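In: got a predicted structure here, sequence first:
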Amino acid sequence: MKADFLEILFDKMPSAVFICDRDSRVVEINSSFRKMFKNDIAPKTGLFCGNTIGCSYAVDENALCGETKYCKSCKIRRSIEIALEKNEDTEGQSVHREFYIGGKKVEKYFRFSTKRISYKNADMAMIIVDDITQLQKNKLEVIDLDRQKNKIIASISHDLQGPLSAIIGFADVLKEKAGDDFVRDFGDYVELIREAVDHSLISLENLIDYSRVLSSSVELKLRDIRPALTLKKTISSNMFHAQKKGISIKLICEDEDIVIKGDASKTWHIFDNLIRFVVMTSKNNSNLMIRSDLKKDNLKIEMSFRSENLSTSILEFFNDPESTTIDKDNLGIALSMKFVKALRGKLQLKNSSEFNVLTIVIPR
């Protein structure tokens, strides 16, 4: 009864399953194997593994499995040897290769696992195979579409950055060279144009950076950096907007010579994006307190500020960063979060009626 149950289970498995002896000859296959590889004769003829599954190397060289120049690097064949010689399982390995299936040469992506079993009173290897070709092709299509999207974003951004920078330069020259009457009557409008264009440039830069981060893993160039110096630079770069809103920024550092291992560029982006966010959301004529403390294992930076009303998208993002839609309000924050996580740190926001506290923790 037990043997019948196992035989039924073996034959009804959705994965293709075949059993090989110590010579890598196929001695048994299930129904899913017959459908996947369109082969029903292997157990009857004692074909080798590669010849049974239609490995293109064996077919193209008209050779037996184990005799082609590629066989030594074959993952499936190696997994059979490891299972029978060392009694070690192989799980979730991938194979990308061409196979002859139904008389046609087709490209396939397979995921397989191999386990040593006792079958017909002998030690044998059971190989379980799943066809992930469509899944992998879909994944590659998404990667390709993402790459094309990034090219389009980069191209459009490059086309826009030039004119926007020119507008900023023209606004500065206009304000500097124009007479007192013009500055008195139109100076505020020129300043509004400059601020709007400057904000657009920042958004473009964040969009480019974020699209790059999404399409690939974050690469870190670690070296000794002084976070206090980076904080001072990013505060200085945001001072124009802070002064326009009457915001006073105070930096408190226990030790300005603190050195940590970090990525200078990404640390600058983190501080700059977060300080800009805090300045943009702070109440007019309020105070921004930035405190940098060196703990035993990490650097902790707290930004305390009063805000009008933080947008719903910002609050949702900090509650659940992974599932929140990225928009213009939280793009810079999302980019900073990616960089902080790459540095194995944390970024948190505590929101209250009195003060908001934005906290960055970065390991030393």
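Out: Thanks, I have the structure now.

In: hey, C-alpha coordinates of the longest strand along the chain in CSV?
Out: Secondary structure of the chain per DSSP state E: the longest strand is strand 104-119. Taking Å, rounded to 0.1, in the frame of the first residue of the first chain, the C-alpha atoms of strand 104-119 are listed here in CSV:
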residue,chain,number,x,y,z
LYS,A,104,13.6,21.4,-31.9
LYS,A,105,16.5,23.3,-30.3
VAL,A,106,15.1,25.6,-27.7
GLU,A,107,16.5,27.9,-25.0
LYS,A,108,15.5,26.9,-21.5
TYR,A,109,15.9,28.0,-17.9
PHE,A,110,15.6,25.2,-15.4
ARG,A,111,15.7,25.1,-11.6
PHE,A,112,16.6,21.8,-10.2
SER,A,113,17.3,20.0,-6.9
THR,A,114,19.1,16.7,-6.4
LYS,A,115,18.8,14.2,-3.5
ARG,A,116,20.3,10.8,-2.8
ILE,A,117,17.6,8.1,-2.4
SER,A,118,17.4,4.3,-2.1
TYR,A,119,15.6,2.9,-5.1
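
In: check which element follows that strand along the chain.
Out: Using DSSP states H and E, the helix or strand that follows strand 104-119 in sequence is strand 122-131.

In: got the buried residues for that next one?
Out: 124-131 (16 or more other Cβ atoms under 10 Å). Every residue, glycine included, has its C-beta placed from N, CA and C.

In: need those in CSV with pLDDT, can you?
Out: Converted to CSV, the buried residues of strand 122-131 look like this (pLDDT from 0 to 100):
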residue, pLDDT
124, 95
125, 96
126, 95
127, 96
128, 95
129, 96
130, 96
131, 96
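
In: can you pick out the most distant pair from these?
Out: 124 and 131 (23.0 Å; Cβ to Cβ).

In: now do stretch 274-289, average pLDDT.
Out: Stretch 274-289 carries an average pLDDT of 91.

In: what's the answer for stretch 167-184, then?
Out: In this model, stretch 167-184 has an average pLDDT of 70.

In: for that stretch, the distance to its chain's centre please.
Out: 45 Å (Cα atoms, centre = their mean, to the nearest Å).

In: put the alpha carbons of that stretch into CSV.
Out: C-alpha atoms of stretch 167-184 as CSV (Å, rounded to 0.1, in the frame of the first residue of the first chain):
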residue,chain,number,x,y,z
ILE,A,167,17.4,80.3,-16.4
ILE,A,168,19.0,80.3,-12.9
GLY,A,169,22.0,82.1,-14.3
PHE,A,170,19.9,84.6,-16.2
ALA,A,171,17.9,85.3,-13.1
ASP,A,172,21.1,85.9,-11.1
VAL,A,173,22.5,88.2,-13.7
LEU,A,174,19.3,90.1,-14.1
LYS,A,175,19.0,90.8,-10.4
GLU,A,176,22.7,91.7,-10.2
LYS,A,177,22.8,94.0,-13.2
ALA,A,178,19.4,95.5,-13.2
GLY,A,179,18.8,98.9,-11.7
ASP,A,180,17.4,99.6,-8.3
ASP,A,181,13.9,100.4,-9.7
PHE,A,182,13.7,97.0,-11.4
VAL,A,183,14.9,95.1,-8.3
ARG,A,184,12.4,97.0,-6.2
